[in-house]
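Asks: Sequence first, predicted model second:
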Amino acid sequence: MVLLNNEELTLLTSRARNGSFTVTFKRYDGRDKPTPREGKPPLPISEYRCLIRAQSKSKKLSTVVNQNEILKFMEAYGKVMKTSMDGLKKVKKPKTKSKVAHG
Amino acid sequence: MVFLKDWEDFEMAAESMYLKNSSNCRYSMKYIHSKGQLLLKLTDNVKCIQYKTEIMPDLKKIEKFTGNLAAHMASNE
């Protein structure tokens, strides 16, 4: 598992043209040590962040997004979703259809 | 492992499940290009709910929901 820049995570999805890819979101509290035993001082609580993992075939990426970057990241991720998930069926709105028929 | 048929049902169930146990919940989406499918899954290792879609208009709702969820994961609540 490689920790990458927030922007670089988006690269993987564009590579998965004819396969599939998975993206997982999870809350991450910044803890990288086991919780101390009783009697020991507890670990300092850091702020919550969002851990995002992406996988396509054997290629894996992961990133941690901070609180002040999450909105920017999700905006970028939304764009990636739109461009990469283009195999879904398009549903025509009946309104536009009737307009074309009239014109 | 339940597939919910309605998006509203999934959204509500997902929200309540996440709020109940936010540190153990993980949310994943799998896009399968050859089948033209997008699968959503939310689990806390006890319960698991899923949603499956094949149509483009759902993407907008999913994008909004995912953004909200991620923003909540990276907040101090």
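Replies: Here it is on my side, so go on.
Asks: May I see the buried residues of the longest helix along chain A?
Replies: Longest helix in chain A by number of residues, with DSSP state H as the criterion: helix A:70-84. Neighbour counts over helix A:70-84 (16 or more other C-beta atoms under 10 Å in any protein chain shown) mark A:70, A:73-74, A:77-78, A:80-81, A:84 as buried. No exception for glycine: its C-beta is placed from N, CA and C like everyone else's.
Asks: Kindly report the same for stretch B:61-77.
Replies: Buried residues in stretch B:61-77, counted by 16+ other C-beta under 10 Å: B:62-63, B:65-67, B:69-74.
Asks: among the buried residues of helix A:70-84, which are in reach of chain B?
Replies: Counting by C-beta under 8 Å from any C-beta of the partner chain, A:70, A:73-74, A:77-78, A:81, A:84 from the buried residues of helix A:70-84 sit close to chain B.
Asks: Find the pair from these with maximum spatial separation.
Replies: In terms of C-beta to C-beta, these reach their longest pairwise distance at A:Ile70 and A:Ser84, which sit 20.1 Å apart.
Asks: Could I get the contacting residues of residue 75?
Replies: Unless you meant another one, I'm taking chain A. Residues in contact with A:Glu75 (C-beta atoms under 8 Å, 6 or more residues apart in numbering or on different chains) are B:Gly67.
Asks: hm, I was asking about chain B
Replies: A:48, A:67.
Asks: how does it look with 10 Å?
Replies: By C-beta atoms under 10 Å, 6 or more residues apart in numbering or on different chains, the residues touching B:Ser75 are A:27, A:47-50, A:67, A:70.
Asks: before we move on, what about B:Arg26?
Replies: Contacts here follow C-beta under 10 Å, 6+ apart; on that basis B:Arg26 touches A:24-27, A:51, A:53, B:18, B:41-45, B:73.
Asks: For ChimeraX, what selects the buried ones among those?
Replies: To isolate the buried members of those in ChimeraX, using 16+ other C-beta under 10 Å:
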select /A:24,25,26,27,51,53 /B:18,41,42,43,44,73
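Asks: Just the ones of the contacts of B:Arg26 in helices?
Replies: Those of these lying in helices (DSSP H): B:18, B:73.
Asks: Distance to B:Trp7 and pLDDT for the contacts of B:Arg26 - can I get that in a markdown table?
Replies: Shown next, in a markdown table, are the contacts of B:Arg26 (distance: C-beta to C-beta, whole Å; pLDDT from 0 to 100):
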| residue | distance to B:Trp7 | pLDDT |
| --- | --- | --- |
| A:Thr24 | 20 | 93 |
| A:Phe25 | 18 | 93 |
| A:Lys26 | 22 | 93 |
| A:Arg27 | 23 | 92 |
| A:Leu51 | 25 | 90 |
| A:Arg53 | 24 | 88 |
| B:Tyr18 | 16 | 92 |
| B:Lys41 | 14 | 95 |
| B:Leu42 | 13 | 95 |
| B:Thr43 | 18 | 94 |
| B:Asp44 | 20 | 92 |
| B:Asn45 | 24 | 92 |
| B:Met73 | 21 | 89 |
